[in-house]
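Trainee: turn this into a structure:
(one chain, ligands or ions: 2)
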Amino acid sequence: MDGPDTTGPLHRYDELVTDVRVHRSMYTDPAIFTAEMNRVFGGTWTYLAHESEIPQPNDFVRKNLGLRPIIVTRAKDGSIHGLINRCTHRGATVCRTDSGNARSFMCPYHNWTFTNTGKLTGVPMHKGYGASFDRDELGLGRLRIDSYRGFVFGTLDQEIDDLATHLGDVTSYIDQWLDRWPGAELVVRHGQTRLNCKGNWKLVYDNSADGYHPGFSHASLLRMRKDRYGVGVDMQWALGDTDAGLQTVTDLHNGNTFLDQRAEIDSYWDSAAPMPGQDSFEQAIRAQLDEVSAKAALDVVVGSGMNLNIFPNLLIIGNQIQVIEPLAVDDTDIVWYSTSLHAPDLPPEVNSLRVRLQEDFPAFGEPDDLANFEECQRGLGVEEMEWVVTNRHIDTGTETLDANGNVTGPVTDELPIRAFWRRWKKLMTSETKLVAR
Ligand code: FES
Ligand SMILES: [Fe+2]
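Mentor: Numbers count the residues shown, from 1 in each chain. Ligands and ions are numbered 1, 2, ... in the order given. Just a heads-up that it's a prediction; the model follows:
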C-alpha cells in the first residue's frame, strides 16, 4: 500500500480516512485527539447522563463532554441543564463532587456562586468591581440540552437538528429496548464499573458492532461456558460460522449503528449463563406471576440481544449502558452503568437478578476486549505500518437495505466502522462554530 503524502498539513482526512482503510495516526496523533475532543464531542449530540441519575429537584451529576468538565443539573422546576464546570472568574471548576443535591455551586477559589441553572449570584467583596461589571454576562457556560426517553444529550452546535430528528431510526430501537416490559421505568442508579485501557477511544467504538471478533477474542469464556453449562448457553453462536447466521449489523446514519442478535435467541432466560443463587429469585418471580408473565419477566433479566451504538460515546449493550470517556490519545475509561426496571406488575426480584447478571460481562468478557484495545494501540505505534483495513464485506454482495431503507449486512460486516468514520470525518472538517450559550 502507498503511504500518505507527508509533505502537507496533517489533516488530509479524505486521504487518510476512506471506506477501505484508515491511517494509524487517527489513533495515535495527540493533535488529532485534541481536535476531536473539541470538534466531535460537542459538535454533535453527545450522551451525557440518564434522567434517573438526577431524580429529585436540585440533583446533579458531574460528567464530561470530551475533555470539558460538565455538570448536569435538575433545577427546582424539574428542568434539566448542562453547565460547563468552569468558573467565569479565573477558570477553576466550581463543582468537585461526582453527584449530590445543590441549589447552587460555590467556586472554592474565590467563592463566586452560581445557581444550578448557571446564573452568577454571589461575588465576595463585590465593591472591588466597578460599573462595567455585569453579572448577567458571567454565568456558567451552558450546553444545548435535549433528551429522548430519559437519555440526556448535550451539544455546542446551536444549528444541529433537534435530538429526535438527529437520532432518526435510532429512536425506534431505543423504544424496542425500553419497551421489553411495557410501561416500565428505567433506572440508572446502581453504581458503575469503571474500566480503563491504555488505548484510543475509537478502538472501543470500532469494536462495539464488531460481530467478527467474539468467537475468537472471547473463545476461552465461551468454551468454558459450553463445557460447564452445555450447548446453547450464553453467546455460543459466536463459536460457529457467524457469516452464515441470522445476526446483522445496520447503519442507522450519523455514525449510529446496530448489531442485532435477536433472530438467533429463542429464549433469553433459558440461554443465560446460570448465576449463583438464582433459584430462589426465580421461584419468587414465578410465585407472583402466571406462567406467561413469569417467562417475560425472566426474559428481561437477561440481555436484550441488542447492541445499539449512539455516536460518539453511548453503547447500549444487553441491559447495560456503556459510556466511552476519552482521557488522552492512548488512554480511555469505559464506564458500564447497570440498569433496573420498575413497574407495579414487575417483581423486584427481577432487578436482583438483572444487577447480578450485569456484573458478568464486564468482569468475564470485557478484559478480552481491553487487552485487544491496548495491543492495537501498541501495534498502531509502528510508524512503518500505516494502515488499518476496514473493508470486510464491502464487496461480497451481502449488504442489503432493510425495511427502513438502512444498509444492513451480516454480523461480521465492518460497515459499522465505515459508518463511524464517515460521521467522524464530517465533524472533523466541519466549520460550524461551537458555542456555549
Ligand atoms: S476562579 Fe472561581 S471564584 Fe475565582
Ligand atoms: Fe468483545
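
Trainee: S271 belongs to a helix?
Mentor: No. Per DSSP: H, G, I helix; E, B strand; the rest coil, S271 lies outside any helix segment and is coil.

Trainee: now do the same contact list for it.
Mentor: S271 makes contact with G232, V233, D234, I265, V302, according to Cβ atoms under 8 Å, 6 or more residues apart in numbering. Where you see a C-beta, it was placed from the backbone N, CA and C, and this is true even at glycine.

Trainee: and for M37?
Mentor: Contacts of M37 (Cβ under 8 Å, 6+ apart): G66, L67, R68, P326.

Trainee: likewise for P69?
Mentor: Shown in contact with P69 (Cβ under 8 Å, 6+ apart): R62, I84, N85, R86, T93.

Trainee: 7 Å instead?
Mentor: Residues near P69 by Cβ atoms under 7 Å, 6 or more residues apart in numbering: N85, R86, T93.

Trainee: with D243 instead?
Mentor: P410, T412.

Trainee: I'd say G381 and Y27 touch.
Mentor: No. Here G381 lies out of contact with Y27, judged by Cβ atoms under 7 Å, at a distance of 9.1 Å.

Trainee: the more surrounded of the two?
Mentor: Y27 (23 against 12; other Cβ atoms under 10 Å).

Trainee: the more buried one belongs to a helix, doesn't it?
Mentor: Yes. Y27 forms part of a helix when assessed by three-state DSSP.

Trainee: and the gap between it and S147?
Mentor: With distances taken as Cβ to Cβ, to the nearest Å, Y27 is found 31 Å from S147.

Trainee: got it, and D330?
Mentor: D330 is 32 Å from S147, by Cβ to Cβ.

Trainee: those two: who's more crowded?
Mentor: Between D330 and S147, D330 has the larger neighbour count (other Cβ under 10 Å), namely 22 against 18.

Trainee: tell me who's in contact with that one.
Mentor: Counting by Cβ under 7 Å, 6+ apart, D330 makes contact with K198, G199, N200, Q377.

Trainee: OK, contacts around the third one?
Mentor: With contact taken as Cβ under 7 Å, 6+ apart, N200 is in contact with Y27, V329, D330, T332, Q377.

Trainee: off-centre distance for the helix or strand of the chain with the lowest mean pLDDT?
Mentor: Here the helix or strand of the chain ranked lowest by mean pLDDT, DSSP states H and E is helix 360-364, holding a mean of 86. Centroid displacement of helix 360-364 relative to its chain, using Cα atoms, centre = their mean, to the nearest Å, is 17 Å.

Trainee: likewise stretch 404-422?
Mentor: The chain centroid and the centroid of stretch 404-422 are separated by 18 Å under Cα atoms, centre = their mean.

Trainee: can you get me the start-to-end distance on that stretch?
Mentor: Terminal residues of stretch 404-422 lie 20 Å apart, using Cα to Cα, to the nearest Å.

Trainee: buried ones in it?
Mentor: Using 16 or more other Cβ atoms under 10 Å as the test for burial, stretch 404-422 gives 406-422.

Trainee: what comes into contact with that stretch?
Mentor: 17, 19, 22, 169, 205-206, 209, 211-212, 242-243, 245, 247-252, 255, 257, 259, 309, 311, 390-393, 398-402.

Trainee: next step: the residues you listed restricted to strands.
Mentor: Among the contacts of stretch 404-422, the members found in strands (DSSP state E) are V22, T248, V249, T250, D251, T257, L259, N309, T400, L401.

Trainee: check contacts around the last one.
Mentor: Contacts for L401 were tallied using Cβ under 7 Å, 6+ apart; they are V407.

Trainee: against ligand 1, how distant is it?
Mentor: Counting by Cβ to the nearest ligand atom, to the nearest Å, the gap from L401 to ligand 1 is 54 Å.

Trainee: separation between that residue and E185?
Mentor: 35 Å.

Trainee: then the second one?
Mentor: According to Cβ to Cβ, T248 stands 30 Å off from E185.

Trainee: looking at V22 now. What's its pLDDT?
Mentor: Listed pLDDT for V22 reads 98.

Trainee: no wait, P9
Mentor: 45.

Trainee: same thing with the one 3 residues further on?
Mentor: At R12 the predicted local distance difference test score is 89.

Trainee: what about it, how many neighbours?
Mentor: 13.

Trainee: can you check G277 too?
Mentor: Neighbours of G277 (other Cβ under 10 Å): 11.

Trainee: now do the one 10 residues further on
Mentor: By the measure other Cβ under 10 Å, the count of residues near A287 is 10.

Trainee: my read is it is in a strand, agree?
Mentor: No. A287 sits outside any strand when classified using three-state DSSP, being helix.

Trainee: next, the contact list for the residue nearest the centre of the chain, please.
Mentor: In the chain, the residue lying closest to the centroid (Cα atoms, centre = their mean) is L314, at 1.4 Å. The contact partners of L314, taken as Cβ under 7 Å, 6+ apart, are Y47, I321, V323.

Trainee: please flag which of these sit within helices.
Mentor: Taking DSSP state H, every one of these sits outside helices.

Trainee: out of those, which are inside strands?
Mentor: Going by DSSP E, the strands hold Y47, I321, V323 from the contacts of L314.

Trainee: with adjacent residues omitted, what lies nearest to the first one?
Mentor: Same thing as Y47. Closest residue to Y47 apart from its sequence neighbours, by Cβ to Cβ, 6 or more residues apart in numbering: L314 at 3.7 Å.

Trainee: can you give me the distance of the one you found to ligand 1?
Mentor: 31 Å.

Trainee: go on, E359?
Mentor: Distance check for E359 against ligand 1: by Cβ to the nearest ligand atom, it reads 40 Å.

Trainee: that residue and F151: what is the separation?
Mentor: Distance, E359 to F151, using Cβ to Cβ: 23 Å.

Trainee: can I get the ones in strands among the contacts of stretch 404-422 in TSV with distance to P344?
Mentor: Listed next are these as TSV, based on distance: Cβ to Cβ, whole Å:
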residue	distance to P344
V22	50
T248	35
V249	37
T250	35
D251	39
T257	35
L259	33
N309	32
T400	42
L401	41
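
Trainee: looking at these, which one is closest to G43?
Mentor: For those, the residue nearest G43 by Cβ to Cβ is N309; the value is 17.7 Å.

Trainee: that closest one touches I317, doesn't it?
Mentor: No. Between N309 and I317 there is no contact, the gap being 8.8 Å when judged by Cβ under 7 Å.

Trainee: between those two, which has more neighbouring residues?
Mentor: N309 (28 against 20).

Trainee: check contacts around the more buried one.
Mentor: Y205, S208, A209, N256, T257, L315, P416.

Trainee: nearest to T121, of those residues?
Mentor: Once Cβ to Cβ is applied, the member of the contacts of N309 that ends up nearest T121 is L315, at 38.5 Å.
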